[in-house]
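Asker: Compute the structure for the input listed below.
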Amino acid sequence: MEYFFYANRSWSETEQLEPFIVKRYMNGNVYKVAFNDESYDDFAKAFNLPDIIEKFGKMPAFGTDGYNYNITLNGAIKEDKYSRKYANLIFWAQYNMYKSYLSDNQFKEKVLNNAKRGKVERASIGMLGFNKHLYINADTSFIMPYRFKKAKKKNQPLIVYLAGAGAIGHDNFRQFWEFLFYAGGNRVMKRHCNILIPQSTRCWIDGDSENTIRNRYTDNCALLIKQLLQENDINGKRVYIFGTSFGAGCVWNALLNSPDLYAAAVEAMGEHYHYKTLTDAEFEAITNIPVWMTHSSNDTVVKIDSDDYFYDKLKSLGGNVKYTRWDKYGHAMSAKFYKKEPWVEWIFHQSK
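Answerer: Predicted structure coming up:
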């Protein structure tokens, strides 16, 4: 049996994988890696499979028999079928991820160099009152574009939206567009509230795990929120957070790392990396936070397993959690949820 997957230069050691690279694309920035049952152990050693599984939670690959496989230390586990279209999507995702990685890092270097020369990034006027800003953590050289709309009235709540992977970048627009036209932003804007929409970049450090990347993003979101609470008349007892897909997974990171900051959360189609390694103490720290979860069992982009696990665990510990679990619409189900369910009324009703 033969297995293959696509990789890009930003996240793997090309030299170690050289014996298993069967084809290169896009000037060598993306490549196809293949191995079979006979070379499985050699591949696992060359790719440092234990480290990959620890960092990313799993190692997916395509089988030449038309099925997805989970590559584990004890062999390949057969999962569901995949289409050729899906395999092509993964290929282009790897290519676009590498382009974004290069672009975001070039942007980061430019911003940091300007900051060293005293050129301060200034806020600019944005549409519908969502002004454009750039958060810079000088201690860690972390940068994060964000949109912020200040409430017209004093002592109003703050709601934070974390967008999906398609909004990652530094244009300070894609996350805003997703909020407005996909994630029910029009319903949120009818409320008297402050709105924060931070944008994640691909400025990770070589060797970072996915969970480390998400922790760094959400930890800096927490620092920014605390800064906004100090600089503006915001009701600190009513800080809400919601997110979709990648952003929903980050909602869990945000809650786990800063449980005292948030009054409530809505989590749509997320996955927490290494969720099975979380301790009861970590879960217990967020049991008092009202969380409305939603996912679909037929989601093939982000598997439902993590959300099922979170719900069962939180429920068993007496957590304040509700779960809208559908069996249709796949990874597009969150748009239906944001449109149909009374989540806006629910979240704004919560307070610490």
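Asker: distance between the ends of stretch 313-332?
Answerer: Taking CA to CA, to the nearest Å, stretch 313-332 runs 26 Å from one end to the other.
Asker: what residues does that stretch touch?
Answerer: If you take CB atoms under 8 Å, 6 or more residues apart in numbering as the criterion, stretch 313-332 is touched by 245, 269, 278, 280, 283-284, 286-302, 304, 307-308, 310-311, 333, 336-337, 341. Placement of C-beta: from N, CA and C, glycine included.
Asker: for stretch 129-138, same thing?
Answerer: 111-112, 115, 121, 123-126, 142-150, 172, 176, 195, 197-198, 220, 223-224.
Asker: now do 6 Å
Answerer: With contact meaning CB atoms under 6 Å, 6 or more residues apart in numbering, stretch 129-138 is reached by 121, 123-126, 143-149, 172, 220, 224.
Asker: can you check stretch 34-49 too?
Answerer: Residues beyond stretch 34-49 that count as contacts (CB under 6 Å, 6+ apart) turn out to be Met1, Glu2, Tyr3, Phe4, Gln16, Phe20, Val22.
Asker: Recalculate using a threshold of 8 Å.
Answerer: Residues outside stretch 34-49 that contact it (CB under 8 Å, 6+ apart): 1-4, 12-13, 16-17, 19-20, 22, 59, 71, 73, 75-76.
Asker: Then stretch 188-196?
Answerer: Residues from elsewhere that reach stretch 188-196 (CB under 8 Å, 6+ apart): 128, 130, 146-153, 156-161, 179, 224-225, 228, 232, 234, 344, 348.
Asker: so how far is the biggest helix by length in the chain from its chain's centroid?
Answerer: Counting residues, the longest helix found in the chain (DSSP state H) is helix 84-116. Remark: helix 84-116 is offset 15 Å from the chain centroid, using CA atoms, centre = their mean, to the nearest Å.
Asker: mean confidence for that helix?
Answerer: Average pLDDT, helix 84-116: 85.
Asker: in whichever helix or strand comes after it, what counts as buried?
Answerer: Toward the C-terminus, helix 84-116 is succeeded by strand 131-137 as the next helix or strand (DSSP states H and E). Neighbour-count burial for strand 131-137, counted by 16 or more other CB atoms under 10 Å, picks out Lys132, His133, Leu134, Tyr135, Ile136.
Asker: Strand 131-137: how far from the chain's middle?
Answerer: Mean-position distance between strand 131-137 and its chain equals 19 Å (CA atoms, centre = their mean).
Asker: what packs against the helix or strand encompassing Phe62?
Answerer: Using DSSP H and E, Phe62 maps to strand 60-63. Contact analysis of strand 60-63 by 3 or more CB pairs under 8 Å, 6 or more residues apart in numbering; DSSP states H and E lists strand 2-8, strand 67-72, strand 75-81 as its packing neighbours.
Asker: From the buried residues of strand 131-137, pick the one nearest Pro259.
Answerer: Using CB to CB, Tyr135 is the member of these that sits closest to Pro259, with 21.9 Å.
Asker: What angle do strand 2-8 and the longest helix of the chain make with each other?
Answerer: Helix 84-116 runs at 30 degrees relative to strand 2-8, counting by axes from the mean of the first three to the mean of the last three CA atoms, to 10 degrees.
Asker: Summarise which helices and strands helix 84-116 is packed against.
Answerer: For helix 84-116, the packing partners by 3+ CB pairs under 8 Å, 6+ apart come out as strand 2-8, strand 30-36, strand 131-137, strand 142-149.
Asker: List the buried residues for the strand holding Phe62?
Answerer: Neighbour-count burial for strand 60-63, counted by 16+ other CB under 10 Å, picks out Ala61, Phe62, Gly63.
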